[in-house]
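> 3D model of this:
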Amino acid sequence: MLISKFIIDFLCIHPFNDGNGRMSRLLTLLLLYQQGYIVGKYISIEMIIEKTKETYYDTLKESSALWHEGKNNYAPFVKYYLSVILSAYKEFASRVETIINKGLTKSERIRYIFSNKVGKITKSEIAALCPDISVTTIEKALSDLLKEEYIIKVGIGRSTAYIRNHESS
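Next up, the predicted model:
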């Protein structure tokens, strides 16, 4: 992906005393828009980068090593940037599904999330996917799904998450 290579070059040139990271993210959005990738209008790419900033900095460091000698390896940062864009599109698709499923009851929408989710999901992630559903309603739906054995609770406390019980389907 040429855009991520451009961003590495921009960051290695480091044209400003301050704000190069912010400027690189604005340039990313501009270049994505110019190429027809408009997901950044609906999903905050900057938030995805913020949530994965440790990986961002690791891949940036790895891909910028030996840049001044022209011997750097763009691949780690390109892969990272592609994962950010993919994550944005997945989140966008999930939100579109939520809108499409507005005809479902709130409990049915939460069940639907599990029917299409691979892996764990937390209560806060469900709340982010369904901002119109109260935490109380989410907790009630999760409780009902647990009683039905449609989902399984994993972890405790802050690390509590839920996965679909594939044996009950």
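> what residues go with each domain of this structure?
2-97, 104-164 (automatic domain parsing).
> Serialize these to TSV and add fields for mean pLDDT and mean neighbour count.
C-beta coordinates here come from the backbone N, C-alpha and C atoms, glycine included. Compiled in TSV, those are given as follows (pLDDT from 0 to 100; neighbours: other CB atoms under 10 Å):
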stretch	mean pLDDT	mean neighbour count
domain 2-97	94	15
domain 104-164	91	15
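> residue at max distance from the center of the protein?
When distances are taken from the C-alpha mean of the chain, Glu69 lies farthest, 34.0 Å away, according to CA atoms, centre = their mean.
> how much space is there between it and Cys12?
11 Å (CB to CB, to the nearest Å).
> all strands in the protein, in order from the N-terminus.
151-154, 161-164 (DSSP state E).
> May I see the ones you listed arranged in TSV, with distance to Arg95 as well?
Listed next are the strands of the chain as TSV, based on distance: least, CB to CB, whole Å:
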stretch	distance to Arg95
strand 151-154	21
strand 161-164	20
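> Would you mind saying which of those lies nearest Tyr37?
Ranking the strands of the chain by proximity to Tyr37 (CB to CB) places strand 161-164 first, at 30.6 Å.
> any residues touching that closest one, and which ones?
114-115, 117, 119-123, 142, 145-146, 150-155 (CB atoms under 8 Å, 6 or more residues apart in numbering).
> sorry, back to before: among the strands of the chain, which is nearest Phe77?
strand 161-164 (29.8 Å).
> Extract the CA atoms of the closest one and return them as PDB.
Extracted in PDB, the C-alpha atoms of strand 161-164 (Å, rounded to 0.1, in the frame of the first residue of the first chain):
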ATOM      1  CA  ALA A 161     -16.200 -11.500  28.100                       C
ATOM      2  CA  TYR A 162     -18.700 -13.800  26.300                       C
ATOM      3  CA  ILE A 163     -18.500 -16.200  23.500                       C
ATOM      4  CA  ARG A 164     -21.100 -18.100  21.500                       C
END
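> can you pull out the helices in the protein?
Using DSSP state H, the helices found in the chain span residues 2-13, 20-34, 45-51, 53-64, 75-100, 106-116, 123-129, 135-147.
> Turn those helices into a markdown table, columns for distance to Tyr162.
Shown next, in a markdown table, are the helices of the chain (distance: least, CB to CB, whole Å):
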| stretch | distance to Tyr162 |
| --- | --- |
| helix 2-13 | 34 |
| helix 20-34 | 33 |
| helix 45-51 | 20 |
| helix 53-64 | 25 |
| helix 75-100 | 16 |
| helix 106-116 | 7 |
| helix 123-129 | 8 |
| helix 135-147 | 6 |
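> Alright, that wraps it up for me.
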